[in-house]
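K.L.:
I need the structure of the sequence given here:
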Amino acid sequence: MTTAKDESKKYPVCPEGTYPAVCIGVYDIGKQKTIFTNEDGTPKVQHKVIIKFELDERMPEGEYKDKRYNVSKNYTLNLGEKSNLFRDLTSWLGKLSLEQRKQGIELEGLIGKPCLITIGHNVKEDKTYTEIKAISRLVKGMNQIEQETDTTEIPNWIKKLQEQAVKNEVNGEEIPY
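P.N.:
Residues are numbered from 1 along each chain as shown. Next up, the predicted model:
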């Protein structure tokens, strides 16, 4: 008899709270369809990026016992004043000038930078998910944590998102959205 079962890895949910952390990855996942629609009813497509962090909090049990929690947040690649990326970068790095925003910020430069991450929970369909609620600077005098997570390989779940990116080309020629 052939039996199918769920063999996906189960990660413990990180407890709510505020933790010292370090940025361990920035991943461009390309243009992704969103839950929003354009005026003509077609799915809205936005350029997305994922920023990943390692927390100074260890998993208490299971397959990953004593490993640090890793959390990530998806962003639209936009530094508009109302964007989540702008809000989080400002609270983390300090005020961003209009000139910096116009020139752009090289997000890979965030890797290795310390921060404080506030974790909350989001419950959907009776399942609890870890959610980054806020990112800010370390408190003055607080020690930076050293990264432990191996980041030499792009995680499979991020590779899948990159593969799902909407290609903006027809017959090999790029077209604008």
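K.L.:
Which residue is the nearest non-sequential neighbour of the residue most central in space within the chain?
P.N.:
What sits nearest the mean C-alpha location of the chain, by Cα atoms, centre = their mean, is K73, with 2.5 Å. Of all residues beyond its chain neighbours, the one nearest K73 is I132 (4.5 Å), with distances taken as Cβ to Cβ, 6 or more residues apart in numbering. Where C-beta positions appear, they are placed from N, C-alpha and C, glycine not excepted.
K.L.:
which is the next helix or strand following the helix or strand where the one you found lies?
P.N.:
Under the assignment given by DSSP states H and E, the secondary-structure element containing I132 is strand 127-136. On the C-terminal side of strand 127-136, the closest following helix or strand by DSSP H and E is helix 156-163.
K.L.:
That following helix: which residues count as buried?
P.N.:
Going by neighbour count (16 or more other Cβ atoms under 10 Å), the buried part of helix 156-163 is 158, 161.
K.L.:
packing partners for that helix?
P.N.:
Packed against helix 156-163, as judged by 3 or more Cβ pairs under 8 Å, 6 or more residues apart in numbering; DSSP states H and E, are the following elements: strand 17-37, strand 43-58.
K.L.:
Tell me what angle the last one forms with strand 17-37.
P.N.:
Angle of strand 43-58 versus strand 17-37, following axes from the mean of the first three to the mean of the last three Cα atoms, to 10 degrees, is 170 degrees.
K.L.:
Alpha carbons of the helix or strand just after strand 43-58, in CSV - could you do that?
P.N.:
Toward the C-terminus, strand 43-58 is succeeded by strand 68-76 as the next helix or strand (DSSP H and E). The C-alpha atoms that make up strand 68-76 are tabulated as CSV, following Å, rounded to 0.1, in the frame of the first residue of the first chain:
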residue,chain,number,x,y,z
ARG,A,68,18.0,30.1,16.6
TYR,A,69,14.7,31.1,15.1
ASN,A,70,14.9,32.6,11.6
VAL,A,71,12.1,34.9,10.5
SER,A,72,11.5,36.9,7.4
LYS,A,73,9.3,39.6,6.0
ASN,A,74,8.1,40.2,2.4
TYR,A,75,8.1,43.7,1.0
THR,A,76,7.1,45.5,-2.1
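K.L.:
per-residue confidence averaged over strand 68-76?
P.N.:
Per-residue confidence for strand 68-76 averages out to 95 on the pLDDT scale.
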